[in-house]
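1. predicted model, plus sequence, below.
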Amino acid sequence: MSGPQWRNVYRLSEEQLQRLEEAENHMEMLDINNAESILMELLEGDSDCVPVLNNLGHMHGRYLSEWGKAIEYYERVLQIEPDNAWARDERRRYQRLLSYD
């Protein structure tokens, strides 16, 4: 494996990167159960892993329409990394969607 095409600012191990990519591939194939299993395993190993938390937020928001759960994951990211623009924008989007109910 040649490694990520982006800078590994979170210093994820090669195994973490591979598992994260595997989870993302499962999400794209709509194999959400396997994606979630992989992400939860990764989270057990590092409960503050921002890329995993972001992916869980993305999965719950986009693929499962569980906007409240997505917001919870993005809020965890923002507790760890208050300046994370992705998490802030996604949280805002799902908060807006919840307000339409």
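-> All right, it came through fine. Fair warning: this is a prediction, and the values are worked out from it, not measured in the lab. Numbers count the residues shown, from 1 in each chain.
2. so where's this structure uncertain?
-> Applying pLDDT under 70 to the chain picks out residues 1-6, 101.
3. in it, which spans are helices?
-> 14-28, 32-45, 50-58, 67-80, 85-99 (DSSP state H).
4. now do the third one and helix 32-45, the angle between them.
-> When axes from the mean of the first three to the mean of the last three Cα atoms, to 10 degrees is applied, the directions of helix 50-58 and helix 32-45 differ by 150 degrees.
5. got the angle for helix 50-58 vs helix 85-99?
-> 20 degrees.
6. counting by contacts, list what helix 50-58 packs against.
-> helix 14-28, helix 32-45, helix 67-80, helix 85-99 (3 or more Cβ pairs under 8 Å, 6 or more residues apart in numbering; DSSP states H and E). C-betas here are computed from N, CA, C, even on glycine.
7. just to revisit the earlier point, tabulate the helices of the chain (CSV), appending mean neighbour count and distance to Asn8.
-> Shown next, in CSV, are these (neighbours: other Cβ atoms under 10 Å; distance: least, Cβ to Cβ, whole Å):
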stretch, mean neighbour count, distance to Asn8
helix 14-28, 16, 7
helix 32-45, 16, 15
helix 50-58, 23, 10
helix 67-80, 19, 17
helix 85-99, 15, 16
